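Novice: here are the coordinates; sequence isn't available:
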Ligand SMILES: C[S@@+](CC[C@H](N)C(=O)[O-])C[C@H]1O[C@@H](n2cnc3c(N)ncnc32)[C@H](O)[C@@H]1O
């Protein structure tokens, strides 16, 4: 696939939002968050609007910096970021034991980078569920270019209320997406409903770890930066996710924070002290150049007004993520493999 240019970034900025409304969308988005006086209850009550605004505003930045897969990865020494991202996706396919021809659901699929990789890796039929129209339109173009539009498709819907019959998928996975749910139990229960009995759900969740102290002001600040920078209503603790899974009816086969034994820290690509040519756009220097480029594009009217403000909250996210990772109070890869029992009363 071709690498997005600065003009692709500018033209995609705002997603489905009218270009003249980008600045007011940024203002509304910011007001949902603690750093601008917003509160958790309001974010949860309006999660759909808050999360969709966020992805309309940031998707072209994500694609410009990350490529087609919008997630972090467990990484070995000597492995490039791109290789580790693919291996992280293959890991899910392997854990789910995917077999050719199976029907798989990707919950919160972004523009479909993982979905295309997993479908090709495992010869499965993957449906991507996403509530963001702009990302789905982009994902369809990329499926077509990749030649997987016969085996991969997209459905626009909210993962809290899925338009699928009970027991319709052989496997379900979610990569750094269900953290956007206003309530984990409600989301996992929907996943449980659409999964066939005896089959598995695997995910990488964004969580605060046991080292997070809710009374520590610095920890609170880091959590708030990640929430505003990443469109999250409230980051849950690992144990809350585990409890929600069990409550939804799943049997947890195994779970672990994979960040704990990643030889290369997952946050390294964003760390100010790190430099890499292969993931240059994500580095502090790369982000500084992008910031100035966006400023110039906004000045000459090629990027909509408000674009720089989007870059600002993404920069906050990068700082919060690196601090949260370094202090080990936050992880983007709390992994679990959970099975829906063969019968309800098992
Ligand atoms: C960080 S992105 C991860 C995307 C993808 N899993 C990947 O790794 O490339 C989170 C995704 O979850 C989707 N999402 C958030 N809330 C959602 C909801 N309520 N229903 C469906 N999708 C949702 C977003 O639109 C976005 O595509």
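Specialist: Now that the structure is in, tell me what you want to look at. Please read all numbers here as calculations on a predicted model, not as lab measurements.

Novice: give me the element residue 256 is part of.
Specialist: strand 251-257 (DSSP states H and E).

Novice: What strands line up against that strand, and which way round?
Specialist: Strands adjacent to strand 251-257 in the sheet, as given by DSSP bridges, are strand 330-339 (antiparallel).

Novice: Could you give the separation of the partner strand from the chain centroid?
Specialist: Chain-centre distance of strand 330-339: 13 Å, with CA atoms, centre = their mean, to the nearest Å.

Novice: Does that strand reach the ligand?
Specialist: No - Strand 330-339 is not in contact with the ligand by CB under 6 Å from any ligand atom; minimum separation 8.9 Å. Backbone N, C-alpha and C define where each C-beta goes, glycine included.

Novice: what does this protein have sitting close to the ligand?
Specialist: So far as CB under 6 Å from any ligand atom goes, the chain lies against the ligand at 51, 55, 69-71, 108-110, 113-114, 129-132, 135, 158-160, 175-177, 180.

Novice: which ones among the residues you listed are found in strands?
Specialist: Among the residues of the chain next to the ligand, DSSP state E puts 129, 130, 175 in strands.

Novice: By neighbour count, which of those wins?
Specialist: residue 175 (28 neighbours; other CB atoms under 10 Å).

Novice: Need the buried ones from the residues of the chain next to the ligand selected in ChimeraX.
Specialist: Listed next is the ChimeraX selection for buried residues among the residues of the chain next to the ligand, using 16 or more other CB atoms under 10 Å:
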select :51,55,69,70,71,108,109,110,113,114,129,130,131,132,135,158,159,160,175,176,177,180
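
Novice: hang on, the earlier thing: of the ones in strands among the residues of the chain next to the ligand, which is the nearest to residue 275?
Specialist: Nearest to residue 275 among those is residue 175, at 26.8 Å by CB to CB.

Novice: Can you flag which of the residues of the chain next to the ligand belong to helices?
Specialist: Residues of these located in helices (DSSP state H): 51, 55, 113, 114, 135.

Novice: Quick check: the fourth one touching residue 69?
Specialist: Yes - because the distance of 5.3 Å satisfies CB atoms under 8 Å, residue 114 is recorded as touching residue 69.

Novice: can you map out the strands along the chain?
Specialist: Counting by DSSP E, the strands of the chain are 103-107, 125-130, 152-156, 169-175, 195-208, 251-257, 330-339.
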